[in-house]
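Participant: generate a structure from the sequence data that follows.
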Amino acid sequence: MAEDYINTTISAANGNISSGQGSLSRNELLAKFEIATLAAILFFALFGNSVVIAVLKCCQQKLSRMQLFIIHLSIADIFVGLMQVLPQLIWKITEHFIGNNFLCKTIKYLQIVTMYASSYVLVMTAMDRYVSICYPLTSQTWTSKRVHVMITIAWTLSFLFAIPQLVIFSYVERDKTGVYDCLDNFNESNGNLRMQIYITWTFLAVYFIPLMILTFLYSRICYVVWISVNSREDTTKRNSKSKRLGDKDSFSTDNGSFTKIPRAHSRGLSKSKIKTVKLTLTVVLCFLVCWAPFFFLMVISSYDSSINYYTSSVTAIVTLLSALNSCTNPWIYLAFSGRFCSSRKRASSKTSFTINSYVDTETRLRACTEQMALAMKPIKEDDGRVLTDASADDM
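Facilitator: Residues are numbered from 1 along each chain as shown. Predicted structure coming up:
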């Protein structure tokens, strides 16, 4: 988990502060608080994300791309709970790592994998929203298969970038005390330089670079949405004197063609897209806020070990805040999921209504045309003379 990663500079594996020369006895009151909080975070992360997946699966038989991304974000948060929060909870209860070298490396590896995955799946979600809003025609060619490809890329990069964890952490004896623990090897020769390089790389790969990408994508999205809203307002003002033609069927009399103008339906789709942008932007902001203190503490402490205000309580708070991200995301999803289901149902019903209205109106128009043609058709008597309408005789 995040706190274990801070162990590279502040050894907090059992709630202690250490710089490689030993450890202080842990604060039992703080440890109990951490255990209770971690247990609550684990429960709500697993329960909340499971509910999100169940709600979206029951909402529609065929999920939209956005709903698929939400499911994958929930899956990533479930892995955060199982691979980060749960091991840390057990670690806090037992006060030191219980296992062997293989288990140590595996847990440390999967802990950082989930950090990468949470960040990269979020970036992929933002990329999908960017294409959907800024390039709607291109977005129409994107299918659910592309979503799975993007998610596969995110997880593949996560597994690759986490490989150094297998080398850094090992199950070794702690300070020749006879107690074995899962520790990093940054206390060896040139360990401080290697620690700074690795922490800087992790900060860039997990947080800073995704932050820059997300900032660019959502800046463009907000700009396009702003332009679209202003354009729609201008169009509404120009059409205010047309007796709400956008809400009615219109017919072109120049060439006799029939035209349907489903403006209300178009507005509904635009609002639905804007709601998805609000959802993903909220999730992104939550991610940035929850993880910013952790990465700040990690980077600063790796370059300036003389700073004394990094206490075990600060480390604990920063760690719990980062873990809280996987717990808060489900409630953000649930706050929007009902709107997604209802908006998709409304969009489907509006589409059906538009098609049916078109068919019904076209049928009525065709029937009327046929009746007029029959009325205008000349009628022959038995002797072959043609009877015409009285009005025709007058002409």
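
Participant: only C-alpha atoms for contact and neighbour calcs from this point on.
Facilitator: Fine.

Participant: shaky segments in this protein?
Facilitator: 1-26, 59-61, 230-270, 272, 305-312, 337-395 (pLDDT under 70).

Participant: what ranges does it have for its strands?
Facilitator: For the chain, the strands defined by DSSP state E cover 169-173, 180-184, 250-251, 258-259, 379-380, 386-387.

Participant: ranges for the helices of the protein?
Facilitator: Counting by DSSP state H, the chain has helices at residues 2-6, 28-59, 65-80, 86-94, 101-134, 136-139, 144-161, 164-168, 191-202, 209-238, 263-303, 312-376, 390-394.

Participant: between these, which one is closest to residue 175.
Facilitator: helix 191-202 (15.9 Å; CA to CA).

Participant: buried residues, the closest one. List them.
Facilitator: Residues 192, 194, 195, 196, 198, 199, 200, 202 are the ones in helix 191-202 that count as buried (16 or more other CA atoms under 10 Å).

Participant: ok, now stretch 153-171?
Facilitator: In stretch 153-171, counting by 16+ other CA under 10 Å, buried: 154-155, 158-159, 161-163, 165-166, 168-171.

Participant: ok, residue 63 - contacts?
Facilitator: 56, 57 (CA atoms under 8 Å, 6 or more residues apart in numbering).

Participant: may I have the phi/psi pair for it?
Facilitator: Main-chain dihedrals, residue 63, degrees, to the nearest 10: phi -80, psi 150.

Participant: can you check residue 140 too?
Facilitator: The phi/psi pair for residue 140 (degrees, to the nearest 10) is phi -70, psi -20.

Participant: tell me how far it lies from residue 97.
Facilitator: 51 Å (CA to CA, to the nearest Å).

Participant: quick one, which of those two is more surrounded?
Facilitator: Remark: of residue 140 and residue 97, residue 97 carries more neighbours, 22 against 10, as counted by other CA atoms under 10 Å.

Participant: quick check: that one touching residue 181?
Facilitator: Yes: at 5.1 Å, residue 97 counts as touching residue 181 under the criterion of CA atoms under 8 Å.

Participant: give me the nearest residue to residue 331, chain neighbours excluded.
Facilitator: residue 48 (6.9 Å; CA to CA, 6 or more residues apart in numbering).

Participant: about what we covered before: what's the farthest-apart pair in the buried residues of stretch 153-171?
Facilitator: Between any two of the buried residues of stretch 153-171 (CA to CA), the greatest distance is 29.3 Å, for 154 and 171.

Participant: what residues does the closest residue to residue 53 other than its chain neighbours make contact with?
Facilitator: In this structure, residue 53 finds its nearest non-sequential neighbour in residue 71, 5.6 Å apart by CA to CA, 6+ apart. Listed by CA under 8 Å, 6+ apart, the contact set of residue 71 reads 52, 53, 56.

Participant: what about residue 328, neighbour count?
Facilitator: Here the number of neighbours of residue 328 (other CA under 10 Å) works out to 20.

Participant: and it, how far is that from residue 92?
Facilitator: 22 Å.

Participant: with distance to residue 276 added, can I get the buried residues of helix 191-202 in JSON lines?
Facilitator: What follows is the buried residues of helix 191-202, written out as JSON lines (distance: CA to CA, whole Å):
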{"residue": "192", "distance to residue 276": "44"}
{"residue": "194", "distance to residue 276": "42"}
{"residue": "195", "distance to residue 276": "40"}
{"residue": "196", "distance to residue 276": "38"}
{"residue": "198", "distance to residue 276": "36"}
{"residue": "199", "distance to residue 276": "34"}
{"residue": "200", "distance to residue 276": "33"}
{"residue": "202", "distance to residue 276": "29"}
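
Participant: and which of those residues is nearest residue 278?
Facilitator: Distances from residue 278 to the buried residues of helix 191-202, taken as CA to CA, are shortest for residue 202 (28.3 Å).

Participant: tell me, how many residues neighbour residue 335?
Facilitator: Counted with other CA under 10 Å, residue 335 comes out at 12.

Participant: what do you get for residue 111?
Facilitator: Applying other CA under 10 Å, we find 26 residues neighbouring residue 111.

Participant: that one contacts residue 80, doesn't it?
Facilitator: Yes: contact status for residue 111 versus residue 80: in contact at 7.4 Å, counting by CA under 8 Å.

Participant: state the distance from the closest residue to residue 100 other than its chain neighbours to residue 101.
Facilitator: In this structure, residue 100 finds its nearest non-sequential neighbour in residue 171, 6.2 Å apart by CA to CA, 6+ apart. For residue 171, the distance to residue 101 equals 5 Å [CA to CA].

Participant: and for these two, which residues touch both?
Facilitator: residue 182.

Participant: next, format the buried residues of stretch 153-171 as JSON lines and append distance to residue 76.
Facilitator: Formatted as JSON lines, the buried residues of stretch 153-171 follow (distance: CA to CA, whole Å):
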{"residue": "154", "distance to residue 76": "11"}
{"residue": "155", "distance to residue 76": "9"}
{"residue": "158", "distance to residue 76": "11"}
{"residue": "159", "distance to residue 76": "13"}
{"residue": "161", "distance to residue 76": "16"}
{"residue": "162", "distance to residue 76": "15"}
{"residue": "163", "distance to residue 76": "18"}
{"residue": "165", "distance to residue 76": "19"}
{"residue": "166", "distance to residue 76": "21"}
{"residue": "168", "distance to residue 76": "24"}
{"residue": "169", "distance to residue 76": "23"}
{"residue": "170", "distance to residue 76": "25"}
{"residue": "171", "distance to residue 76": "27"}
